[in-house]
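Undergrad: starting from these lines, generate the structure:
(one chain, ligands or ions: 1)
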Amino acid sequence: MASRIFSGIFALLSFPVLFSLTIEAQSPDLSKAVQEFVRVGTSKVVLTHVRVIDGTGAPAVEDQNVVIEAGKIAAIQSGGDMPAADNTTVLDLRGYTVMPGIVGMHNHLFYIARPNLNSRRHFDDPVVVPQMTFTAPRLYLAAGVTTMRTTGSVETYNDLNLKKEIDAGKLPGPHLDVTGPYLEGSTSYFLQMPHLTGPEDARQTVEYWADRGVTSFKAYMNITRAELKAAIEAAHKRGIKVTGHLCSVTYKEAAELGIDDLEHGFFVNTQLDAEKKPDACSKSAGEETLARMDPAGPDAKDLIATLIQHHVAITSTLPVFEGDAGGGRPPLRQQALDAMTPEAREDFFLLRQRPPSAPAPKIDPAVLWKRDLELEHAFATAGGLLIAGPDPTGRGDVLPGFGDQREIELLVEAGFSPVEAIKVATLNGAIYLGRDKQIGSVATGKNADLVVVKGDPSKQISDVENVELVFKDGVGYDSKKLLESVKGRYGQY
Ligand SMILES: [Zn+2]
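TA: All right, here's what the predicted structure looks like:
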């Protein structure tokens, strides 16, 4: 698997850029800090002789010209050479593929730190959640993420202000759907989350943050049905959607309460957990339900039908579970290790190892992994809206951006074709956000949010890692430079 590590580096060396008359920055609005990462800044750009994966699930189309003008996709034509012209960049992209910018739907702007973590996997309470305001937006953009939901915020004012700075061209990063503070019940593992005191508190919390500009909400593991109901009603009144990483409320209960989305595939549904009591999280937190839910059986069929009937999306977050999926997994990419602080790297290696004294898990995690993949595929096949994100927290081995790419690869493991997997990670997210008229696919008239990768992800999905250029609103960002700028910093700020 070493080729996974090195392919990106060689691609950067061989990138055949044919600048004609270029480099004149089109966007005086971009700050110097952002300009530093701009490789293509003319108002007109023509990607010539490029393979197009359009994000709709359609097969790749060979040898196309994609014309970008004033931030939008102006035309998609059959491939041809282009004469140089004023204020136009012409790129010869033979051997490259263009696909839509990733729409990351379970992406965070924070890190989870475990104080004094040791080789027995012990750490001191409390876990703390530091903001990654500097590194995360750059890592996302470098990997091709052009729009993302923060999926639960810890420093909500920070995230709202960051969104403004990015949109104003002052800082590099993707477009943000800022999620309000986690809507958590009366107890929580995380000190930094609000602890709701009842439905009225849930309503007030939603209204307070909606007034301040958040555009989504996320309910968390110990919320009660009454609190969730109040939160959903208040959010829907404002046209804002609610997702949940649930435990105290089952998937079916949440669907019937009107939730819009459920996180973590089918890993955290608790409806068949033994000892599940209403409004309380079960000890198994969903594992028993997943083990019991045969994808071909009546429980799964009934659940999937309920979710689809209530228009509930499911967010696949496979990278955060992959560490438990069994052997034969590729090593973490060198570029991802390079992005971490030495301390984050050390924690990653500690968390990766199972201490010999640890008791064997009750349910084989490899079995749960397989079940979830089957259920996610069955849900999408039945017509459910499956969206995707990496959940870059957990064990330290899922990083912003790198995790988004890995999620696409794991969807292929779940049985999606490569172009279907790309659709889940791009157009489906745009549909969920109600932004599919503007983003999510390579189509004339849409925003030029595009990723240029070396190779052909429709044949070899790991080519999604070979990012060369990321266009956001028609401006082409240098992936390698963005990565360079955060080297050794992820885990710190
Ligand atoms: Zn998460």
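
Undergrad: tally of neighbours for Ile431?
TA: Neighbour count for Ile431, taken as other C-beta atoms under 10 Å: 17. No exception for glycine: its C-beta is placed from N, CA and C like everyone else's.

Undergrad: would it count as being in a helix?
TA: Yes. The assignment for Ile431 is a helix, going by DSSP: H, G, I helix; E, B strand; the rest coil.

Undergrad: contact partners for it?
TA: Leu385, Gly440 (C-beta atoms under 8 Å, 6 or more residues apart in numbering).

Undergrad: pLDDT score for it?
TA: Looking at Ile431, its pLDDT reads 98.

Undergrad: and what of the one 10 residues further on?
TA: The predicted local confidence for Ser441 comes out at a pLDDT of 98.

Undergrad: wait, it touches Gly55, no?
TA: Yes. Counting by C-beta atoms under 8 Å, Ser441 does reach Gly55; the two are 3.8 Å apart.

Undergrad: between these two, who's got more neighbours?
TA: Neighbour totals were compared for Ser441 and Gly55, and Gly55 leads with 28 against 22 (other C-beta under 10 Å).

Undergrad: next one: the more buried one from Gly455, what distance?
TA: For Gly55, the distance to Gly455 (C-beta to C-beta, to the nearest Å) stands at 17 Å.

Undergrad: and for Ser216?
TA: 34 Å.

Undergrad: these two: who's more crowded?
TA: Legend: neighbour count by other C-beta under 10 Å for Ser216 and Gly455, higher for Ser216 (24 against 18).

Undergrad: now do the helices in the stretch 1-150 of the chain.
TA: 2-13, 32-35, 135-143 (DSSP state H, counting those that start in this stretch).

Undergrad: worst mean pLDDT among these?
TA: Among the helices of the stretch 1-150 of the chain, helix 2-13 has the lowest mean pLDDT, at a mean of 34.

Undergrad: so what does Glu409 look like in phi/psi?
TA: Dihedral pair for Glu409: phi -60, psi -40, per degrees, to the nearest 10.

Undergrad: please apply the same query to Thr315.
TA: Torsion angles, degrees, to the nearest 10, at Thr315: phi -100, psi 120.

Undergrad: so who does it touch?
TA: With contact set as C-beta under 8 Å, 6+ apart, Thr315 has these partners: 105-106, 151, 243, 261-265, 386-389.

Undergrad: go again using 6 Å as the cut-off
TA: Listed by C-beta atoms under 6 Å, 6 or more residues apart in numbering, the contact set of Thr315 reads Met105, His106, Asp261, Glu263, Ile387, Gly389.

Undergrad: run through the bridge partners of the third one.
TA: Listed by DSSP bridges, the beta-bridge partners for Asp261 are Thr243, Ala313.

Undergrad: still on that earlier bit, which residues do Ser441 and Gly55 both contact?
TA: Contact criterion C-beta under 6 Å, 6+ apart; residues shared by Ser441 and Gly55: Pro100, Leu427.

Undergrad: what's in contact with the lengthiest helix in the chain?
TA: When the chain is parsed with DSSP state H, its longest helix is helix 365-381. Helix 365-381 is touched from outside by 265-267, 290, 295, 304, 314, 316, 324-326, 386, 414-415, with contacts defined as C-beta under 6 Å, 6+ apart.

Undergrad: okay, buried residues for it please.
TA: Neighbour-count burial for helix 365-381 flags 368-380 (criterion: 16 or more other C-beta atoms under 10 Å).

Undergrad: then stretch 174-188?
TA: Residues of stretch 174-188 classed as buried by neighbour count (16+ other C-beta under 10 Å): 174-185, 188.

Undergrad: what of stretch 154-173?
TA: 154-156, 159-160, 162-163, 165-166, 169, 171-173.

Undergrad: one more: stretch 450-460?
TA: Across stretch 450-460, burial judged by 16+ other C-beta under 10 Å covers Leu450, Val451, Val452, Val453, Lys454, Gly455, Asp456, Pro457, Ser458.

Undergrad: from Thr146, how far out is the first one?
TA: Taken as C-beta to C-beta, the spacing of Leu450 relative to Thr146 amounts to 8 Å.

Undergrad: before we move on, what about the third one?
TA: Plainly put, Val452 is 12 Å away from Thr146 if you go by C-beta to C-beta.

Undergrad: likewise for the fourth one?
TA: According to C-beta to C-beta, Val453 stands 14 Å off from Thr146.

Undergrad: same question, Leu410
TA: Relative to Thr146, Leu410 is positioned 21 Å away (C-beta to C-beta).

Undergrad: tally of neighbours for Met148?
TA: Met148 has 30 neighbouring residues, counting by other C-beta under 10 Å.

Undergrad: who's in contact with it?
TA: Applying C-beta under 6 Å, 6+ apart, the residues near Met148 are Gly104, Asn107, Pro174.

Undergrad: how far off centre is stretch 278-285?
TA: Distance of stretch 278-285 from its chain centroid, counting by C-alpha atoms, centre = their mean, to the nearest Å, is 27 Å.

Undergrad: other residues contacting that stretch?
TA: Contact with stretch 278-285 is made by Met221, Asn222, Thr224, Arg225, Cys247, Ser248, Thr270, Asp273, Glu275, Lys276, as judged by C-beta under 6 Å, 6+ apart.

Undergrad: if we go to 7 Å?
TA: For stretch 278-285, the external contacting residues (C-beta atoms under 7 Å, 6 or more residues apart in numbering) are Met221, Asn222, Thr224, Arg225, Cys247, Ser248, Val268, Thr270, Asp273, Glu275, Lys276.

Undergrad: the residue nearest to Val486 when sequence neighbours are not counted: neighbour count?
TA: For Val486, ignoring the flanking residues on the chain, the nearest one in space by C-beta to C-beta, 6 or more residues apart in numbering is Thr135 at 4.4 Å. By the criterion of other C-beta under 10 Å, Thr135 has 26 neighbours.

Undergrad: now do Gln492
TA: For Gln492, the count of nearby residues is 17 (other C-beta under 10 Å).

Undergrad: for Pro361, same thing?
TA: Residue crowding around Pro361 was assessed by other C-beta under 10 Å; the count is 12.

Undergrad: so it lies in a strand, does it not?
TA: No. Per three-state DSSP, Pro361 lies outside any strand segment and is coil.

Undergrad: just to revisit the earlier point, may I see the ChimeraX selection of the buried members of the contacts of stretch 278-285?
TA: Those of the contacts of stretch 278-285 that count as buried under 16+ other C-beta under 10 Å are selected in ChimeraX with:
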select :221,222,224,225,247,248,268,270,273,276
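
Undergrad: what strand or helix carries His236?
TA: Assigned by DSSP states H and E, His236 falls within helix 225-237.

Undergrad: who touches that helix?
TA: With C-beta under 7 Å, 6+ apart, helix 225-237 has contacts from 183, 185, 196, 198-199, 202-203, 206-207, 217, 219, 241-242, 249, 253-254, 257-259, 279.

Undergrad: repeat that for stretch 195-214.
TA: By C-beta under 7 Å, 6+ apart, the residues outside stretch 195-214 that reach it are 156, 160, 178-181, 183-188, 194, 217, 223, 226-227, 229-231, 234-235, 238, 240.
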